[in-house]
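[1] Starting from these lines, generate the structure:
(chains A and B)
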There are 2 protein chains.
Amino acid sequence: VKRVIVTGASGFIGRTTLSALLPRGFEVHAVSRHPPPANGPDGVRWITGNLLDPAGAEALIQQVGPTHLLHLAWYAEPGEFWRSTENLRWVEASLRLIRAFAAQGGRRAVVAGSCAEYEWTQRLHCAEGRTPCHPATLYGASKYALHLVIERYAAEAGLSLGWGRVFFVFGPGESPARLGGSVARSLVLDEPAPLSHGEQVRDFLYVGDLGEAFVALLDSPVEGAVNLASGRAIRIRDLAEALAAAAGRTDLLRFGVRPSPPGEPDVLTAEVRRLREEVGWSPSATLEERAADTISWWQTKLTADVLPRGHE
Amino acid sequence: VKRVIVTGASGFIGRTTLSALLPRGFEVHAVSRHPPPANGPDGVRWITGNLLDPAGAEALIQQVGPTHLLHLAWYAEPGEFWRSTENLRWVEASLRLIRAFAAQGGRRAVVAGSCAEYEWTQRLHCAEGRTPCHPATLYGASKYALHLVIERYAAEAGLSLGWGRVFFVFGPGESPARLGGSVARSLVLDEPAPLSHGEQVRDFLYVGDLGEAFVALLDSPVEGAVNLASGRAIRIRDLAEALAAAAGRTDLLRFGVRPSPPGEPDVLTAEVRRLREEVGWSPSATLEERAADTISWWQTKLTADVLPRGHE
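    Purely as a prediction, here's the structure:
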């Protein structure tokens, strides 16, 4: 039996992994600080728990006895997470969790890394093992440091470990304090959507596809860092325009209204050879289809939000 | 007032820092899992505590209210420490300690790093900031990862942080399971001292000098990684011969009897420009003088050990 613990299971990325795990035969134990969501997939066993509690991880592992671990939980407050002290607490919690998992006999773990582990230059195409890791932020340093330690630990403990580096993500459930969430929400509310110049080139992946990619990596024997990205370089402008086209409101985009954050690369894209060839996963839908899925989700959500409580 | 917490204070290195801190005007709070040593310097306040206890660090910091932190505690079992799971627990404990220290208003911290953080090649002269860090062991990865995180954290938290990289150390109190301790003990016991070929070139520092170097770094504003080493490249054979000469028993050295451990560099030495010029510290005694100090300590210890208990 493949019994997996998913941490951060009610988060933006985590919730999308659950429905990808079930058809692959995983017994899914979803961990979250929050009560189980009302509309999650059937067959998932929810556990309410806080991994920052010093005894939390060990109790969780004892209770479930997992063969697999998909560790996505981290401090993710938009804007704040780059510099927050919470990053240290999540390094600590993650080390505790992985120690407990391996000690109990866990076989395969996948942990969420980040493109922020790489050394950012003005124009950067990130390739695992070739692009230097020299994180400029506390968040990036914390993720990279965790990877350094658990990679060596996994080798000593006989644990199979994949490290999925997340790039840029959009889709249902995204916070309105983030780029995609802000634009999609404005468009559906018929409000102007303020943006920077939008010429920055990025690799954007739909969050549901990222969930699939994480699960494909978990269900594979691939070890080490793997970029989880689409392999498609687009401009932020292209994403905004795809969302606006799906909403039928290209007139609401306001490029150049917001400043471009300092220190951000002009180009930040991902080499996805490992994901495509070793893990065997690549996205099947187009940007336009995923933009439509995103707008559709916001339309449903915002309609529900304006209904009185009894109608939910 | 300069109020310092020293962790690992009863250890091989830690105990030598105490007498170096007192004349610089530090109020010294020495932390150890063990009861206070009988023969420590006067004026040191001992605290028995275990930093691996999740609540241990915070309680300690609250109790003392330190302005300075000298964090030397780590898992150090000879032979075992390179690959032990305990390394993860010490990363966790160190992050907790440094968070608690900064949160309480601590100003200046120095933490023990290691030459094992560098990427080892067959002939290596380690220079901070120039020699790549690519640790081959779990111990080295854990130290380097801790450094990566707390360096960024210190910048965010307004903490002044020095990172003292330890190279090769010998002197009083060394475990007989380590090179210098094994040789010195054998010589004083009139037993043959088995060694490898001894041609490996290393930077050896007397443990009392290392204690002084740590304290000089702590009492300076120098930030980032600093190699704490003698700047003198000698062969292992030279160290053994200096100890044997001090003991008057060069006839007891048995070179070539032990295998040379695989993966060990032929040359592993330290660039000490930062320590000399920025911190302003360099060793004052010769290898011969420090070898004599070491043999003298072992003679006293082994004489005491053979006396009945009442005579100690």
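
[2] Quick one: the strands in the stretch 1-150 of chain A, in order.
    A:2-7, A:26-32, A:45-48, A:68-71, A:108-114, A:123-126 (DSSP state E, counting those that start in this stretch).

[3] and these, which is most packed in?
    Per residue and on average, the most neighbours among these fall to strand A:68-71, with a mean of 27 (mean count of other CB atoms under 10 Å in any protein chain shown). C-beta: built from backbone N, CA, C; applies to glycine.

[4] Each with direction, which strands does that strand pair with?
    The pairing partners recorded for strand A:68-71 under DSSP bridges are strand A:2-7 (parallel), strand A:108-114 (parallel).

[5] what's the spacing between stretch A:177-192 and its chain's center?
    20 Å (CA atoms, centre = their mean, to the nearest Å).

[6] does stretch A:83-101 come close to chain B?
    Yes. For a cut-off given as CB under 8 Å from any CB of the partner chain, stretch A:83-101 has contacts with chain B, namely A:Arg83, A:Thr85, A:Asn87, A:Leu88, A:Arg89, A:Val91, A:Glu92, A:Leu95, A:Arg96, A:Ile98, A:Arg99.

[7] buried residues in that stretch?
    By neighbour count with 16 or more other CB atoms under 10 Å in any protein chain shown, stretch A:83-101 contains the buried residues A:83-84, A:86-101.

[8] Give me the subset of these lying in helices.
    Counting by DSSP state H, the members of these that fall within helices are A:86-101.

[9] so A:Ala136 touches A:Gly263, yeah?
    Yes. Applying CB atoms under 8 Å, one finds A:Ala136 in contact with A:Gly263, separated by 7.2 Å.

[10] Give me the more crowded residue out of the two.
    Applying other CB atoms under 10 Å in any protein chain shown to A:Ala136 and A:Gly263 shows that A:Ala136 carries more neighbours, namely 14 against 9.

[11] show me where the stretch 51-200 of chain A has helices.
    In order along the chain, the stretch 51-200 of chain A carries the following helices (DSSP state H, counting those that start in this stretch): A:56-64, A:86-103, A:138-157, A:179-188.

[12] picking that back up, from the residues of stretch A:83-101 next to chain B, pick the one nearest A:Cys115.
    Closest approach between the residues of stretch A:83-101 next to chain B and A:Cys115, by CB to CB: A:Asn87, at 15.8 Å.

[13] Skipping its backbone neighbours, what lies nearest the closest one in space?
    Among residues not flanking A:Asn87 along the chain, A:Ser142 sits closest, at 3.9 Å (CB to CB, 6 or more residues apart in numbering or on different chains).

[14] Could you report the neighbour count for the closest residue to A:Trp120 other than its chain neighbours?
    With sequence-adjacent residues excluded and distances taken as CB to CB, 6+ apart, A:Trp120 is closest to A:Pro265, at 5.4 Å. By the other CB under 10 Å criterion, the neighbourhood of A:Pro265 contains 16 residues.

[15] so who does A:Pro265 touch?
    Taking CB atoms under 8 Å, 6 or more residues apart in numbering or on different chains as the criterion, A:Pro265 is in contact with A:Trp120, A:Thr121, A:Gln122, A:Arg123, A:Leu124, A:Gln200.

[16] What separation is there between A:Ser296 and B:Ala20?
    68 Å (CB to CB, to the nearest Å).

[17] Between the two, tell me which one has more neighbours.
    Under the criterion of other CB under 10 Å, the comparison of A:Ser296 against B:Ala20 puts B:Ala20 first, with 22 against 14.

[18] Just the element for the closest residue to the more buried one other than its chain neighbours, please.
    If you skip the residues right next to it in sequence, B:Ala20 has B:Val215 as its closest partner in space, 4.0 Å away by CB to CB, 6+ apart. For B:Val215, the host element (DSSP states H and E) is helix B:207-218.

[19] Can you give me the buried ones in the next helix or strand after that helix?
    Under the assignment DSSP H and E, the closest C-terminal helix or strand after helix B:207-218 is strand B:224-228. If you call a residue buried by 16+ other CB under 10 Å, then strand B:224-228 has these buried ones: B:Ala225, B:Val226, B:Asn227, B:Leu228.

[20] same for strand B:224-228, what does it pack against?
    Under the contact criterion of 3 or more CB pairs under 8 Å, 6 or more residues apart in numbering or on different chains; DSSP states H and E, strand B:224-228 touches strand B:160-166, helix B:207-218.

[21] packing partners for the longest one?
    I take that to be helix B:207-218. With contacts defined as 3+ CB pairs under 8 Å, 6+ apart, the secondary structure elements packing on helix B:207-218 are helix B:14-21, strand B:68-71, strand B:108-114, strand B:160-166, strand B:168-170, strand B:224-228, helix B:287-306.

[22] Just the CA coordinates for it, please, in PDB.
    What follows is the C-alpha trace of helix B:207-218 in PDB, where atoms were taken according to Å, rounded to 0.1, in the frame of the first residue of the first chain:
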ATOM      1  CA  VAL B 207      42.800  24.300  21.300                       C
ATOM      2  CA  GLY B 208      43.600  27.000  23.800                       C
ATOM      3  CA  ASP B 209      44.600  29.300  20.800                       C
ATOM      4  CA  LEU B 210      41.300  28.300  19.100                       C
ATOM      5  CA  GLY B 211      39.500  29.400  22.200                       C
ATOM      6  CA  GLU B 212      41.300  32.800  22.100                       C
ATOM      7  CA  ALA B 213      40.500  33.100  18.400                       C
ATOM      8  CA  PHE B 214      36.800  32.500  18.900                       C
ATOM      9  CA  VAL B 215      36.700  35.100  21.700                       C
ATOM     10  CA  ALA B 216      38.700  37.600  19.600                       C
ATOM     11  CA  LEU B 217      36.100  37.100  16.800                       C
ATOM     12  CA  LEU B 218      33.200  37.500  19.200                       C
END
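
[23] if I pick A:Gly140, what's in contact with it?
    A:Gly140 makes contact with A:Ser114, A:Ala116, A:Glu117, A:Tyr118 under the criterion CB under 8 Å, 6+ apart.
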